[in-house]
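*Asks:* got a sequence here, can you model it:
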Amino acid sequence: MQKHPGEWNNEGIAFFANGQYNEALKCYDAALEIDPNFIMALNNKGNALRMLKRYDEAIESYDKAISIDKKNSELWTNKGAVYYEMEDYNLAIKCYDQALTLNPENTNALSNKGAAFANSGDLESGMKCFSKALEINPLDVNARINRDKLRDFLVGRD
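*Replies:* I've put the predicted structure just below:
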């Protein structure tokens, strides 16, 4: 009996959680052979490819998912993370902006956008993003850590 695409995807998630990204990729590909438009598998495949530093392929996977579900904020956030890792902060910020257009409460996109601004030298915009993320969710650990690091850096410069 053939596995359902969701079963392959879940197996991939388990491999991914254990850092076995190549094995995860095989599972996501198996899911996509059955259902080429399975958005969760496309997203997860992009995540695995990103972890393997196969950035162009990761972007292709996110782009395919985005072409199917144009209103998915998480896909844009994940695509932005690839550009961030490639140190293309301008493209990362554009992806995070798209994610935030779709979901203004996406604190992950806000925090990542703040980090992209900070790394590109726009420290003020970075701080605004971290602060806004913390207004939305005061418990957002990434936003808090990034804001505190940036604040310490700015204080150390004085």
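*Asks:* average pLDDT for the longest helix anywhere in the chain?
*Replies:* Looking across the chain with DSSP state H, the single longest helix is helix 141-157. What helix 141-157 shows for mean pLDDT is 84.
*Asks:* got the contact list for the nearest residue to I93 once chain neighbours are set aside?
*Replies:* Excluding the flanking residues, the one nearest I93 by C-beta to C-beta, 6 or more residues apart in numbering is A116, at 5.0 Å. Using the backbone N, CA and C atoms, a C-beta is placed for each residue, glycine as well. Residues in contact with A116 (C-beta atoms under 8 Å, 6 or more residues apart in numbering) are 80, 84, 89, 92-93, 96, 126.
*Asks:* what separation do you get for the residue nearest the centre of the chain and Y96?
*Replies:* Nearest to the geometric centre of the chain sits N78, at 2.3 Å (C-alpha atoms, centre = their mean). According to C-beta to C-beta, to the nearest Å, N78 stands 11 Å off from Y96.
*Asks:* do G12 as well
*Replies:* Counting by C-beta to C-beta - G12 and Y96 are separated by 25 Å.
*Asks:* so the residue nearest to the centre of the chain, which state does it fall into?
*Replies:* What DSSP: H, G, I helix; E, B strand; the rest coil gives for N78 is helix.
*Asks:* again with K3
*Replies:* Here K3 is coil, with the state taken from three-state DSSP.
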